[in-house]
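Engineer: my questions concern the predicted model and sequence given below.
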Amino acid sequence: MKNISFSKPSGEKVFDIINTLIMLLICFLCVYPIWYVVVNSFNDATDAMKGGIYWWPRKFSLENYIKVFKDDRLLQSFKITIVKTVIGTACNVFFTAMVAYPLSKKYLVGRKVYMGIGTITMFFSGGLIPTFILLKNLNLLNNFLVYIIPAAFNFFNLIIFGNFFNELPSALEESAKMDGASDWTIFMKIILPLSKPVLATIALFAGVGQWNDYFSGLMYMTNRTDLEPVQTFLYRLVAQVQSNQMAGIAATNITANTTTATSIKLAAMVITTLPICCVYPFLQKYFVKGMLVGAVKE
């Protein structure tokens with residue numbers, strides 16, 4: 001009796017090796033820039049100006065982080081960022097899902113008109129000046145709600161929600177209606193509990209957008225520094241350090257001879273990126289599933 005061999009052909013082995021090497025190269029290209037930023041942020045700023053730091057800090061120092069955390073406004077800005085990220089993400093997910101649910105029904109009167117209007121907004125906006133005037137007339141300038149209300153709905157997320165809702169069995173809604181459930185009850189007690197993957201996906205989109213948003217604080221918080229998010233605070237901090245160095249002025253309470261604008265910027269990047277990187281692994285499995293299901297076209 002002949003022995004049955006389960007080993008792969010030599011051609012497949014070569015393909016697996018090459019494929020693995022290519023994937024490792026891609027991973028390295030993605031991870032190394034982040035590692036480079038972290039390494040240089042922990043290196044002495046004066047020494048880092050000489051260059052040649054690639055893998056490990058040549059002269060370890062925490063001075064960059066000490067200078068960033070030395071300002072008491074940082075903790076306040078972190079609180080604002082956390083609160084606006086949590087509330088803004090929840091509002092975006094809920095309101096976008098609430099609008100997407102009826103628009104996913106093909107029997108809705110005027111559905112094509114609504115979808116057409118929404119699609120136009122994906123490519124054309126009112127512009128910065130009209131937006132600023134609108135928010136001013138709504139008394140949202142220097143108001144915490146300026147972070148929440150304009151970001152409470154996103155049409156791109158609506159499309160993902162709608163495609164996901166279309167994949168749910170219609171028999172679930174029909175049986176619920178036979179039992180006397182209203183559309184609101186069906187949405188809250190049946191549709192949303194079954195939509196965890198896409199909810200996590202959109203929550204990740206909205207959460208990252210809220211966390212990284214510095215422009216809203218820069219433009220709409222004209223005289224309320226206590227409501228600035230951490231991104232805006234660090235943007236102003238880096239800009240101030242850079243302007244002081246360019247003018248040859250010793251910056252008090254912000255920088256010293258042991259720090260530079262670049263070192264402060266690198267430390268700020270690590271501080272602002274670390275929290276969202278810690279959250280992502282917990283949502284990754286839902287993110288992948290939600291993107292696959294939400295990508296199925298109608």
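Structural biologist: Yep, that arrived. Not measured: the values here are computed from a predicted model. Residues are numbered from 1 along each chain as shown.

Engineer: list the buried residues for stretch 201-208?
Structural biologist: Under the neighbour-count criterion of 16 or more other CB atoms under 10 Å, stretch 201-208 has 201-207 buried. Yep, even glycine has a C-beta here, placed from its N, CA and C like the rest.

Engineer: likewise stretch 21-39?
Structural biologist: 38-39.

Engineer: and that stretch, average pLDDT?
Structural biologist: Mean pLDDT, computed over stretch 21-39, is 86.

Engineer: Ile276: which of the buried residues of stretch 201-208 is nearest?
Structural biologist: Ile276 lies nearest to Gly207 out of the buried residues of stretch 201-208, by CB to CB, at 7.2 Å.

Engineer: element containing the closest one?
Structural biologist: Using DSSP states H and E, Gly207 sits within helix 196-212.

Engineer: specify the next element, helix or strand, located C-terminal of that helix.
Structural biologist: Sequence order places helix 215-220 as the next helix or strand after helix 196-212, per DSSP H and E.

Engineer: counting contacts, what elements does that following helix pack onto?
Structural biologist: helix 128-137, helix 230-247 (3 or more CB pairs under 8 Å, 6 or more residues apart in numbering; DSSP states H and E).

Engineer: possible to save those as a markdown table with mean neighbour count, distance to Val270 and mean pLDDT?
Structural biologist: Listed next are the helices and strands packed on helix 215-220 as a markdown table, based on neighbours: other CB atoms under 10 Å; distance: least, CB to CB, whole Å; pLDDT from 0 to 100:
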| stretch | mean neighbour count | distance to Val270 | mean pLDDT |
| --- | --- | --- | --- |
| helix 128-137 | 12 | 30 | 87 |
| helix 230-247 | 18 | 11 | 72 |
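
Engineer: turn those helices into TSV, columns for distance to Ile120.
Structural biologist: What follows is the helices and strands packed on helix 215-220, written out as TSV (distance: least, CB to CB, whole Å):
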stretch	distance to Ile120
helix 128-137	15
helix 230-247	29
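
Engineer: so which of the ones you listed is nearest Ala268?
Structural biologist: helix 230-247 (4.0 Å).

Engineer: and Glu12, that's in a helix?
Structural biologist: Yes - assessed with DSSP: H, G, I helix; E, B strand; the rest coil, Glu12 lies in a helix.

Engineer: so who does it touch?
Structural biologist: Contacts for Glu12 (CB atoms under 8 Å, 6 or more residues apart in numbering) come out as none.

Engineer: need the CA coordinates for the helix holding Gly207. CSV is fine.
Structural biologist: Presented in CSV, the C-alpha positions along helix 196-212 are these (Å, rounded to 0.1, in the frame of the first residue of the first chain):
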residue,chain,number,x,y,z
LYS,A,196,-23.8,45.2,17.2
PRO,A,197,-21.2,44.7,14.5
VAL,A,198,-22.2,47.7,12.4
LEU,A,199,-22.8,49.8,15.6
ALA,A,200,-19.2,49.0,16.7
THR,A,201,-17.9,49.9,13.2
ILE,A,202,-19.7,53.3,13.1
ALA,A,203,-18.8,53.9,16.8
LEU,A,204,-15.1,53.5,15.9
PHE,A,205,-15.4,55.8,12.9
ALA,A,206,-17.2,58.5,14.9
GLY,A,207,-15.0,58.0,18.0
VAL,A,208,-11.7,58.4,16.1
GLY,A,209,-13.1,61.5,14.3
GLN,A,210,-14.2,63.1,17.6
TRP,A,211,-10.9,62.2,19.3
ASN,A,212,-8.7,63.6,16.5
